[in-house]
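J.: below are the sequence and a predicted model for it; my questions follow.
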Amino acid sequence: MPDFMINSLRACALSAMLLVGLASCGEGGALSVFGDARERTTPVENDPATAESAARFLTQVTFGPTDNDIRTVLGKGYGAYLEGQLNAVSSSHMAYVDNRLAQIQLTNPTATLSANQFYESYWLYAATSQAQLRERMKLALSEIFVISLLDNAIDTRGAASYYDMLGTKAFGNYRTLLGQVALHPMMGRYLTHLANQREDLASGRKPDENFAREVLQLMSVGVYQLNADGTLRRDGAGATIPTYTSEDISNLAKVFTGYSWYSPTPTNTTFFGGSRNVDASVRPMIYYANYHSITAKTFLGVTLPAGAANGPNDLGVALDTIFNHPNVPPFMCQRLIQRLVTSNPTPGYVGRCSAIFSNNGAGVRGDLRAVVRAILMDSEARNQSLASTPGYGKLREPVIRVTNWMRAFGATSVSGNYLITSTSANTSLGQSALASPSVFNFYRPGYIPPNTRLGAQGLTAPEFQIVDEVTVAGYANTMQTAIGTGIGSGSDVRSAYTNEVAIADDANALVNRMDLLLLYGQMSPSLRARIVESVNSVVIPAPTANNAATIATAKLNRAKLAVYMTMVSPEYLVQR
């Protein structure tokens with residue numbers, strides 16, 4: 001065990017117990033960050049007054065603050081920095097995996113792509129891309145419009161193109177995004193509406209309903225009718241009101257018939273996947289009229305009459321109907337706020353965002369650029385004083401914690417390829433990008449940890465669905481290795497902690513740096529005291545003629561210890 005870890009075992013054990021306490025008991029002090037869900041109306045902080053407020057902004061907008069980005073935000077202000085991010089363009093994951101395959105085949109001509117090449121591209125761009133907000137949105141949208149590399153039907157190149165599509169459409173219009181999702185062959189494979197055939201009374205065949213169900217339940221309107229502020233609508237007896245019926249689903253499923261693999265020369269064979277084009281997994285599905293339902297279709301108050309097959313018209317009407325449903329603005333706003341800012345946004349926060357979704361100020365509905373801007377510039381996102389109020393905050397996603405470490409401390413890939421394979425095991429991070437265990441994502445947006453004070457107050461904590469004793473230990477152990485020697489094959493991604501080592505002889509200065517980059521100025525006095533004490537326990541010997549290496553090792557261990565103790569603390573794990 002590295003020397004710098006020995007001194008942190010006591011603090012690590014305490015942090016792990018506190019984190020488990022958040023999800024399983026009810027008396028952990030850190031629970032106060034959630035408390036009750038009161039309305040918050042403090043005026044917005046227009047521009048960062050301090051480096052700490054800039055770092056907090058970057059925690060929501062990027063995969064983690066860096067020194068350079070903090071300086072940029074302080075110089076430009078929130079609005080100008082955000083506009084730059086909204087305009088920044090991401091690199092292509094599909095281009096990356098294509099290039100990696102060519103590279104691998106130089107030494108192994110029969111090699112094929114695996115999920116590892118997509119994971120490499122995720123870590124590379126999450127850590128280094130200048131289009132940080134678009135990268136964050138890719139991850140957020142992939143947890144709403146879910147496909148998963150864990151499904152054998154999903155191939156790596158197709159998954160990479162799907163992730164690219166989410167990034168390309170992230171700041172466009174929701175209606176366009178919805179259409180791209182519906183016709184992407186990887187969504188077609190994952191939710192089984194690719195090669196979906198019209199009903200046949202003689203054989204008893206009915207159209208597959210998977211996508212029709214999940215596009216309503218998980219991607220657009222949700223199960224129950226909502227008010228514009230995200231609260232549940234109720235009937236005269238106080239009961240919730242379903243958004244759709246089973247008949248809506250079965251009729252909508254008919255709309256999604258007749259779409260299958262792209263081919264420049266479509267035939268019945270290509271419909272079923274024969275003679276597959278080399279780009280069939282990355283190009284939108286195409287329409288095959290022979291397989292589209294021609295019976296009447298009634299859903300969400302709209303009827304498409306029976307008649308000749310007209311799949312493109314049916315699809316357009318169906319997606320327009322979903323898009324214009326009153327649930328979509330609060331549904332989407334609440335989910336994006338949860339991914340970027342806080343698990344329990346107030347009705348006021350959701351309502352303000354929902355109003356922008358409904359009308360961006362120029363009469364346009366579904367403008368995601370305007371919606372994301374509204375989310376990140378809202379008073380509930382920007383006011384530093386709100387961060388410590390009851391009901392506020394969210395558990396950081398495990399993969400975001402690691403990219404935060406990479407960016408804050410300048411971790412780089414020795415190979416240049418970020419050779420980090422799956423981190424989905426509960427003994428690791430319990431999460432890998434685009435590798436959800438089910439269509440419901442890694443965690444449900446409405447998840448309430450049972451037998452907790454959170455649950456007693458009706459507060460959601462989605463990410464806690466993958467928190468237990470095993471995943472807490474798994475994260476702590478993974479970060480022990482990553483911070484100590486690196487992460488990935490051959491410890492490919494590692495940090496030299498150059499900036500931290502430079503100040504490691506001053507424990508308070510080192511902890512101040514942790515406070516800025518990881519906790520945006522919110523470190524408690526008790527955590528600060530524990531880390532300072534532990535850092536000072538790593539003695540830096542007085543210099544002699546031949547102990548320079550010993551001094552350098554002690555300073556490096558001090559830096560690693562400060563990083564580790566901060567990153568396993570509940571104060572870090574709960575983003576506020």
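T.: Nice, thanks for sending it over.

J.: show me the shaky parts of the chain.
T.: Low-confidence segments of the chain (pLDDT under 70): 1-45.

J.: which parts of it are strands?
T.: 259-260, 286-287, 297-299, 302-304, 394-395, 412-413, 493-494, 574-575 (DSSP state E).

J.: closest to residue 452 out of those strands?
T.: When the strands of the chain are compared for distance to residue 452 using Cβ to Cβ, the nearest one is strand 394-395, at 12.6 Å. Just so you know, the C-beta spots here come from the backbone N, C-alpha and C atoms, and that holds for glycine as well.

J.: parallel or antiparallel, which strands does that closest one pair with?
T.: strand 574-575 (antiparallel) (DSSP bridges).

J.: show me the contacts for the closest residue to residue 536 other than its chain neighbours.
T.: Leaving aside its sequence neighbours, residue 536 sits nearest to residue 507 (Cβ to Cβ, 6 or more residues apart in numbering; 5.0 Å). Residue 507 sits next to 531-532, 535-536, 558, 562 when contact means Cβ atoms under 8 Å, 6 or more residues apart in numbering.

J.: cutoff 10 Å now
T.: Residues in contact with residue 507 (Cβ atoms under 10 Å, 6 or more residues apart in numbering) are 528, 531-538, 558, 561-562.

J.: can I get the strands of the chain in CSV with mean neighbour count and distance to residue 91?
T.: Formatted as CSV, the strands of the chain follow (neighbours: other Cβ atoms under 10 Å; distance: least, Cβ to Cβ, whole Å):
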stretch, mean neighbour count, distance to residue 91
strand 259-260, 25, 29
strand 286-287, 18, 28
strand 297-299, 20, 39
strand 302-304, 16, 40
strand 394-395, 24, 27
strand 412-413, 18, 15
strand 493-494, 22, 18
strand 574-575, 24, 26
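
J.: re the thing from before, so can I have TSV of the contacts of residue 507 showing neighbour count and distance to residue 282?
T.: Formatted as TSV, those follow (neighbours: other Cβ atoms under 10 Å; distance: Cβ to Cβ, whole Å):
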residue	neighbour count	distance to residue 282
528	19	50
531	26	48
532	15	52
533	12	54
534	21	50
535	25	50
536	13	55
537	13	54
538	22	51
558	28	48
561	28	46
562	27	45
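
J.: and stretch 358-370, how far apart are its ends?
T.: Stretch 358-370 has its terminal residues 10 Å apart, counting by Cα to Cα, to the nearest Å.

J.: where does residue 256 fall, phi/psi-wise?
T.: Torsion angles at residue 256 (phi, psi; degrees, to the nearest 10) stand at phi -90, psi 40.

J.: residue 275: neighbour count?
T.: Counted with other Cβ atoms under 10 Å, the neighbours of residue 275 add up to 13.

J.: try the one 10 residues further on
T.: The number of residues packed around residue 285, counting by other Cβ under 10 Å, is 23.

J.: closest one of the contacts of residue 507 to residue 410?
T.: Once Cβ to Cβ is applied, the member of the contacts of residue 507 that ends up nearest residue 410 is residue 562, at 15.2 Å.

J.: so who does that closest one touch?
T.: 4, 8, 483, 497, 500, 504, 507, 510-511, 513-514, 518, 531-532, 534-535, 538.

J.: try it again with 7 Å
T.: 510-511, 514, 531, 535 (Cβ atoms under 7 Å, 6 or more residues apart in numbering).

J.: cool, and residue 493?
T.: Residue 493 is in contact with 406, 411, 413, 418, 420, 486-487, counting by Cβ under 7 Å, 6+ apart.

J.: dump those into CSV; add distance to residue 193 as well.
T.: As requested, the contacts of residue 493 are exported to CSV (distance: Cβ to Cβ, whole Å):
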residue, distance to residue 193
406, 37
411, 41
413, 38
418, 34
420, 33
486, 42
487, 38
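
J.: by neighbour count, which of those wins?
T.: Of all the contacts of residue 493, residue 487 has the most neighbours under the rule other Cβ under 10 Å, reaching 27 neighbours.

J.: re the thing from before, for residue 479, see how far away the residue nearest to residue 536 is.
T.: Per Cβ to Cβ, to the nearest Å, residue 507 is found 21 Å from residue 479.

J.: same deal with residue 142?
T.: 23 Å.

J.: residue 168 too?
T.: Plainly put, residue 168 is 33 Å away from residue 479 if you go by Cβ to Cβ.

J.: more neighbours: which of the two?
T.: Here residue 168 and residue 479 are compared on neighbour count by other Cβ under 10 Å; more neighbours surround residue 479, at 21 against 17.

J.: so who does the residue nearest to the more buried one when sequence neighbours are not counted touch?
T.: With sequence-adjacent residues excluded and distances taken as Cβ to Cβ, 6+ apart, residue 479 is closest to residue 567, at 5.6 Å. By Cβ under 7 Å, 6+ apart, the residues touching residue 567 are 401, 405, 479, 518.

J.: swap in residue 422?
T.: 115, 119, 432, 435.

J.: now, those residues that are in helices?
T.: Among these, the members falling in helices (DSSP state H) are 115, 119.

J.: which single one of the contacts of residue 422 is nearest to residue 75?
T.: residue 119 (34.4 Å).

J.: touching, that closest one and residue 419? I think so.
T.: No. If you go by Cβ atoms under 7 Å, residue 119 and residue 419 don't touch, sitting 9.0 Å apart.

J.: can you show me the CA trace of stretch 123-132 as PDB?
T.: This file holds the C-alpha atoms of stretch 123-132, laid out as PDB (Å, rounded to 0.1, in the frame of the first residue of the first chain):
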ATOM      1  CA  TRP A 123     -12.900   9.600 -21.200                       C
ATOM      2  CA  LEU A 124     -10.700  11.400 -23.800                       C
ATOM      3  CA  TYR A 125     -13.400  14.000 -24.700                       C
ATOM      4  CA  ALA A 126     -14.900  14.300 -21.200                       C
ATOM      5  CA  ALA A 127     -11.400  15.100 -19.800                       C
ATOM      6  CA  THR A 128     -10.000  17.200 -22.700                       C
ATOM      7  CA  SER A 129     -12.700  18.600 -25.000                       C
ATOM      8  CA  GLN A 130     -13.100  22.400 -25.100                       C
ATOM      9  CA  ALA A 131     -16.800  21.800 -25.700                       C
ATOM     10  CA  GLN A 132     -17.400  20.700 -22.100                       C
END
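
J.: so which bits of stretch 198-213 are buried?
T.: Buried residues in stretch 198-213, counted by 16 or more other Cβ atoms under 10 Å: 198-199, 207-213.

J.: look through this protein and tell me its longest helix.
T.: helix 548-567.

J.: kindly export stretch 154-164 (C-alpha atoms) in PDB.
T.: Extracted C-alpha coordinates of stretch 154-164, given in PDB (Å, rounded to 0.1, in the frame of the first residue of the first chain):
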ATOM      1  CA  ILE A 154     -25.800  -2.700 -29.800                       C
ATOM      2  CA  ASP A 155     -22.500  -2.500 -31.700                       C
ATOM      3  CA  THR A 156     -19.700  -0.100 -30.800                       C
ATOM      4  CA  ARG A 157     -19.700   2.000 -34.000                       C
ATOM      5  CA  GLY A 158     -23.400   2.400 -33.900                       C
ATOM      6  CA  ALA A 159     -23.300   3.400 -30.200                       C
ATOM      7  CA  ALA A 160     -20.600   6.000 -31.000                       C
ATOM      8  CA  SER A 161     -22.700   7.500 -33.700                       C
ATOM      9  CA  TYR A 162     -25.700   7.600 -31.400                       C
ATOM     10  CA  TYR A 163     -23.600   9.500 -28.800                       C
ATOM     11  CA  ASP A 164     -22.500  11.800 -31.500                       C
END
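
J.: residues near the residue nearest to residue 351 when sequence neighbours are not counted, how many?
T.: Once flanking residues are discounted, residue 351 sits nearest to residue 229: 3.5 Å by Cβ to Cβ, 6+ apart. Using other Cβ under 10 Å, residue 229 is surrounded by 20 other residues.
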